[in-house]
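*Asks:* The amino acid sequence is not available; the structure is as follows:
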DNA sequence: CATTTTAAGTTACACTATAACAAAACATAC
DNA sequence: GTATGTTTTGTTATAGTGTAACTTAAAATG
């Protein structure tokens, strides 16, 4: 019950997730002399409101409420910054964004996305990385960027469990 | 020089690629009692005009030239059909489509995409599959669909080669 | 404070994809 | 071969995602 990543633990202390993520982000930006402006920090916080990927346009109303301009470029700029700093990832298959739980030296995640509850886990799977790198190397292909996104059912949404969504309406 | 997949061999007989792909598609659809209508076959052929992923909207002019209706739904319907039959794949990170070189029982490809020349290879990499499945199983996650897309430089576009694009304008 | 750089505001638009309904083509049974 | 149901295509309109280009404001630097 405790080896599950937090994203798959419905009852974890999520306020702490958000808090920690913001704290790490501030430290990291400060260290890199990058400016985590109010808009950028708000966008990061909004993204961390859950462990489900959020579309850019879903963030706009909250930006407006907070008194910021809420045209698309605003949120996309913030997202670009956060991606560049490795604080959020874009999930290509969903056109959505999710917070990175272990930001730091540029890395490529492997994402497990539940189609029922949308909870998403980012793995750092060395075997997956290695397999991809070795296949690529074998063909003389130089890797610059990896997209590994796996859709399916998380343990909480498996048929047989009692508490759970399963089929999305 | 010959273990490279065709997509990375600029000089291969590409007419044959197209011809073979269409032949396989006809056989497969006939066997499954699915209708490979003129529009669907044309879209498949257009997609096979190269080994680079093509956007849906890039197909519309050719459809128009061939005398078909060329509104978006036409091409998206054809693409849906071809995807369902496993004849083409969608590359999520590019919003584009590419022909499947080994259609058949549903499979998940692993794509190597050259950022310089756009040539794309579909691998069936058992090690990659296994690594992903094993990571997922370990968390109790049930896989339904995999997206593995790797962007980088193909052997022909590597710095050091003489004949090649490298940096996209 | 003046200057330069970076970020945010603003307008407009491009690209990707689908909904919804009408017309046509095809398949099957009489 | 014609009637009937089903599948495919035509058509219009619109939703969703993302960016270009230019202006204004704020922050950093000298």
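*Replies:* Perfect, I can see it now. Remember, it's a predicted structure, so these values are computed and weren't measured experimentally.
*Asks:* residues from chain A in reach of DNA strand D?
*Replies:* Residues of chain A lying near DNA strand D by C-beta under 7 Å from any atom of the strand: A:35, A:55-57, A:71-73, A:76, A:80, A:90, A:95-96. (C-beta placed from N, C-alpha, C; glycine too.)
*Asks:* rerun at 6 Å
*Replies:* Selection of chain A residues close to DNA strand D by C-beta under 6 Å from any atom of the strand yields A:55-57, A:72-73, A:76, A:95.
*Asks:* helix or strand for residue A:79, which one?
*Replies:* Taking DSSP states H and E as the definition, residue A:79 sits inside helix A:72-84.
*Asks:* near chain B at all, that helix?
*Replies:* No. Using C-beta under 8 Å from any C-beta of the partner chain, helix A:72-84 stays clear of chain B, coming no nearer than 13.5 Å.
*Asks:* again, but for stretch A:56-71
*Replies:* No. Judged by C-beta under 8 Å from any C-beta, stretch A:56-71 stays clear of chain B, getting no closer than 15.2 Å.
*Asks:* Which residues does that stretch contact?
*Replies:* A:38-39, A:42-43, A:46-47, A:72, A:74-76, A:79, A:95-97 (C-beta atoms under 8 Å, 6 or more residues apart in numbering or on different chains).
*Asks:* Who wins on neighbours among the residues you listed?
*Replies:* Ranked by the number of neighbours (other C-beta atoms under 10 Å in any protein chain shown), the contacts of stretch A:56-71 place residue A:43 first, at 28 neighbours.
*Asks:* Dihedrals phi and psi, that one?
*Replies:* The phi/psi pair for residue A:43 (degrees, to the nearest 10) reads phi -60, psi -40.
*Asks:* Relative to chain B, how far out is it?
*Replies:* Using C-beta to the nearest C-beta, to the nearest Å, we find residue A:43 at a distance of 22 Å from chain B.
*Asks:* Need the nearest residue in space to residue A:55, chain neighbours excluded.
*Replies:* residue A:96 (5.0 Å; C-beta to C-beta, 6 or more residues apart in numbering or on different chains).
*Asks:* so what's the one you found bridging to?
*Replies:* Residue A:96 has these beta-bridge partners by DSSP bridges: residue A:91.
*Asks:* so what's it up against?
*Replies:* Going by C-beta under 8 Å, 6+ apart, the list of residues near residue A:96 reads A:53-56, A:90.
*Asks:* and the residue positioned nearest the centre of chain A, what element?
*Replies:* By C-alpha atoms, centre = their mean, chain A has its centre lying nearest to residue A:98, at 2.3 Å. Using DSSP H and E, residue A:98 maps to strand A:96-99.
*Asks:* Could you point out the helix or strand that follows that strand?
*Replies:* Taking DSSP H and E, what comes next after strand A:96-99 is strand A:110-114.
*Asks:* just checking, what packs against the next helix or strand after that following strand?
*Replies:* Next along the chain after strand A:110-114, taking DSSP H and E as the criterion, comes strand A:120-123. Counting contacts by 3 or more C-beta pairs under 8 Å, 6 or more residues apart in numbering or on different chains; DSSP states H and E, strand A:120-123 is packed against strand A:110-114.
*Asks:* mind checking the backbone torsions on residue A:108?
*Replies:* Dihedral angles for residue A:108 - degrees, to the nearest 10 - are phi -120, psi 120.
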